[in-house]
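Peer 1: sequence and predicted structure, then a few things I'm wondering about:
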Amino acid sequence: MSKLAVKGGAAVRDVKTNPWPTWPVWDETEATALLEVLHSGVWSYSGPKETQFNRAFAEFIGSKYALSAANGTVTLQLALEACGIGYGDEVIVPGLTWQATAAAALDINAIPVLVDVTEDTWCLDLTKVEEAITPRTKAIIPVHLYGSFVDMDALMPLAEKHGLWVIEDCAHKHGGQWKDRKAGSIGHIGSFSFQLSKLMTAGEGGALTTSDPQLWEKLDALRNCGRRPEESPDADKGTGLYGDEGNFIQSGNYRITDFQAAVLIEQMKRLPQQNRTRDDNAIYFNTQLASLPGVQPMRRDERETTEAYFNFAFRYDRDGFKALPTEIFRKALAAELGCSVEACYEPLNACALYVPHTKPWRHRLDDEHFRQVDPKRFELPVCTRAYERESVCFHHNVLMGTHADMDLILEAIRKIYDHADELK
Ligand SMILES: Cc1ncc(COP(=O)(O)O)c(C=O)c1O
């Protein structure tokens, strides 16, 4: 019989006796906080927990303001709207990201311009960003993902040179730090998701961060049916947003509940220690991975002073791994470890969930607009190679245990290499 678990052999990790750390993490503090909200009767609408969370999250991220919202998709949409972006404006997004990053631009009738990533970080390639800028470009959405960071030292001056807004999509980067600044405090606006799998979660939820009082005022109005913010400490009231009645900009309801805010307050307290544990394990793993054949860690920039991993990834080279196809390697690894091992996101020019042409009735825009938003017009060779050949990705829960867990992943990779011929 084959030695490999995928062919019926014994697995490297027996998850029945040695399960992986589970996600989400919670305890009595969440339960108590939820009951507090229940008994208070103030279940939503800028309640005390929401106000407390907004203040604490702003302080944690190092921005002047934070605003919680329904999820990390609408936060991107509201951020673009607050920057005055709309019909026909171009927004640069990476070709490798969750579809929401581009869909948020699409939903306000802007044109998502898909740009390729660098091969060793899978984050925006700034040379290609510069090439993609046109007179219609209004914003760039850098997404920090796969344990990597967009080079913010290079991006911010580039954006400034061209007069562009920078909206950081930090859905994967809660607490990650570039030099002495946290993700979400470097661009003009930061956008966060608190969906169940994320590094802080309330099941669903999102937040916006900014240090610009005018943007804050617009964002707060936009998330709350256009109402003027009740509390605007130093916002400039002359934004031109409001009519003579002083209270209106057209928008919808993108608020969260106080139950979510109560959970998020507790989740945030655990985040720094959880990030340290994940990073410690990732450093230990990557150091040893580098010496194995056919695999290599993602490049970590030395300016990434605190890492935050939503997905933990490494790069696979089938030619260096006895020509074993990537998909078979991932399946074999998943079988050895008893956890999910995935490819990275589908490139947005070939993503089943990013299909702008399927909603022609929504805004009845002209054919030229649909030509502009057609994802197939963008070439994304590095994204495609990462998806089809190179990416091996885990959920961050595999990093939440000990070095012994990392040893098992390394052992599984060595085992598959040794027995690769059985899989061909
Ligand atoms: C990079 C990125 N941006 C935005 C989002 C959207 O967040 P949400 O699911 O909270 O709408 C996600 C969610 O997975 C994401 O991964």
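Peer 2: Done, it's in. Numbering: from 1, shown residues only.

Peer 1: in the stretch 1-150 of the chain, where is pLDDT below threshold?
Peer 2: For the stretch 1-150 of the chain, the stretches with pLDDT under 70 are 1.

Peer 1: for it, which residues are neighbours of the ligand?
Peer 2: Contact residues, the stretch 1-150 of the chain versus the ligand (C-beta under 6 Å from any ligand atom): 71-73, 97-98, 100-101, 143, 145. For the C-beta atoms, the positions are set from N, CA and C on the backbone; glycine is no exception.

Peer 1: pairing partners for the residue in the stretch 201-350 of the chain positioned nearest to the ligand in the sheet, please.
Peer 2: As assessed by C-beta to the nearest ligand atom, the ligand sits closest to G206 within the stretch 201-350 of the chain, at 5.2 Å. Beta-bridge partners of G206, counted by DSSP bridges, are A69, S193.

Peer 1: and for A100, the neighbour number?
Peer 2: For A100, the count of nearby residues is 25 (other C-beta atoms under 10 Å).

Peer 1: sorry, slip of the keys, the one I care about is G41.
Peer 2: There are 8 residues near G41, going by other C-beta under 10 Å.

Peer 1: residue contacts, K49?
Peer 2: Residues near K49 by C-beta atoms under 8 Å, 6 or more residues apart in numbering: 33, 36-37, 258, 261-262, 265.

Peer 1: apply 10 Å and report the result again.
Peer 2: With contact taken as C-beta atoms under 10 Å, 6 or more residues apart in numbering, K49 is in contact with 33-34, 36-37, 40, 42-43, 68, 256-265.

Peer 1: equivalent analysis for G401, please.
Peer 2: 18-21, 277-278, 281, 408.

Peer 1: which of the three states applies to the residue of the chain found nearest the ligand?
Peer 2: As assessed by C-beta to the nearest ligand atom, the ligand sits closest to G72 within the chain, at 2.8 Å. For G72, the assignment made with DSSP: H, G, I helix; E, B strand; the rest coil gives coil.

Peer 1: give me the number of residues near it?
Peer 2: 26.

Peer 1: repeat that for the one 4 residues further on.
Peer 2: Residues near L76, counting by other C-beta under 10 Å, number 30.

Peer 1: give the buried residues for the host helix or strand of it.
Peer 2: Element membership for L76, per DSSP states H and E: helix 74-82. Across helix 74-82, burial judged by 16 or more other C-beta atoms under 10 Å covers 74-82.

Peer 1: one more: stretch 372-386?
Peer 2: Of all the residues in stretch 372-386, those buried under the rule 16+ other C-beta under 10 Å are 372-373, 375, 378, 380, 382-384, 386.

Peer 1: please flag which of these sit within helices.
Peer 2: Counting by DSSP state H, the part of the buried residues of stretch 372-386 found in helices is 372-373, 382-384.

Peer 1: which among these gets closest to S193?
Peer 2: Nearest to S193 among these, counting by C-beta to C-beta, is C383 at 20.7 Å.

Peer 1: the closest one touches E346, doesn't it?
Peer 2: Yes - at 8.6 Å, C383 and E346 qualify as touching, with contact defined as C-beta atoms under 10 Å.

Peer 1: shared neighbours of those two, anything?
Peer 2: Residues touching both C383 and E346 (C-beta under 10 Å, 6+ apart) are 95-96.

Peer 1: not counting sequence-adjacent ones, nearest residue to the residue of the chain closest to the ligand?
Peer 2: Excluding the flanking residues, the one nearest G72 by C-beta to C-beta, 6 or more residues apart in numbering is S193, at 2.5 Å.

Peer 1: what does T210 give?
Peer 2: Nearest residue to T210, sequence neighbours excluded (C-beta to C-beta, 6+ apart): I189, at 4.8 Å.

Peer 1: for the one you found, list each beta-bridge partner.
Peer 2: With DSSP bridges as the rule, I189 is bridged to I167.

Peer 1: tell me the confidence at it?
Peer 2: On pLDDT, I189 comes in at 98.

Peer 1: go on, the one 10 residues further on?
Peer 2: On the pLDDT scale, L199 is placed at 98.

Peer 1: how much space between it and T134?
Peer 2: Computed as C-beta to C-beta, to the nearest Å, the L199 to T134 distance reads 35 Å.

Peer 1: report how many residues lie close to E390.
Peer 2: By other C-beta under 10 Å, the residues close to E390 number 21.

Peer 1: that one contacts D317, doesn't it?
Peer 2: Yes - E390 sits in contact with D317 when judged by C-beta under 10 Å, with a separation of 7.1 Å.

Peer 1: which neighbours do those two share?
Peer 2: 295-296, 326.

Peer 1: helix or strand: which one has P112?
Peer 2: Assigned by DSSP H and E, P112 falls within strand 111-115.

Peer 1: what's the following helix or strand past that strand packed up against?
Peer 2: Counting by DSSP H and E, the next helix or strand C-terminal to strand 111-115 is helix 126-132. On a contact count with 3 or more C-beta pairs under 10 Å, 6 or more residues apart in numbering; DSSP states H and E, helix 126-132 meets strand 90-94, strand 111-115, strand 137-140, helix 152-161.

Peer 1: what's the average pLDDT for the last one?
Peer 2: Confidence over helix 152-161, taken as the mean pLDDT, stands at 98.

Peer 1: which helices and strands does it pack with?
Peer 2: With contacts taken as 3+ C-beta pairs under 10 Å, 6+ apart, helix 152-161 sits against helix 126-132, strand 137-140, strand 165-169.

Peer 1: so which of those gets nearest P272?
Peer 2: strand 165-169 (19.2 Å).

Peer 1: the closest one near the ligand at all?
Peer 2: Yes - using C-beta under 6 Å from any ligand atom, strand 165-169 comes into contact with the ligand via D169.

Peer 1: please save the CA atoms from stretch 161-178 in CSV.
Peer 2: These are the backbone C-alpha positions of stretch 161-178, laid out as CSV (Å, rounded to 0.1, in the frame of the first residue of the first chain):
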residue,chain,number,x,y,z
LYS,A,161,2.4,62.5,-7.8
HIS,A,162,-0.8,61.7,-9.8
GLY,A,163,-3.3,63.2,-7.4
LEU,A,164,-4.9,59.8,-6.5
TRP,A,165,-6.7,58.5,-3.5
VAL,A,166,-5.3,55.5,-1.7
ILE,A,167,-7.8,53.2,-0.1
GLU,A,168,-6.1,50.3,1.8
ASP,A,169,-8.0,47.1,1.7
CYS,A,170,-7.0,45.6,5.0
ALA,A,171,-9.5,42.7,5.0
HIS,A,172,-6.5,40.4,5.6
LYS,A,173,-4.2,42.6,7.6
HIS,A,174,-5.7,43.6,11.0
GLY,A,175,-2.9,44.8,13.1
GLY,A,176,-0.2,44.3,10.5
GLN,A,177,2.4,47.0,10.6
TRP,A,178,4.6,48.6,8.0
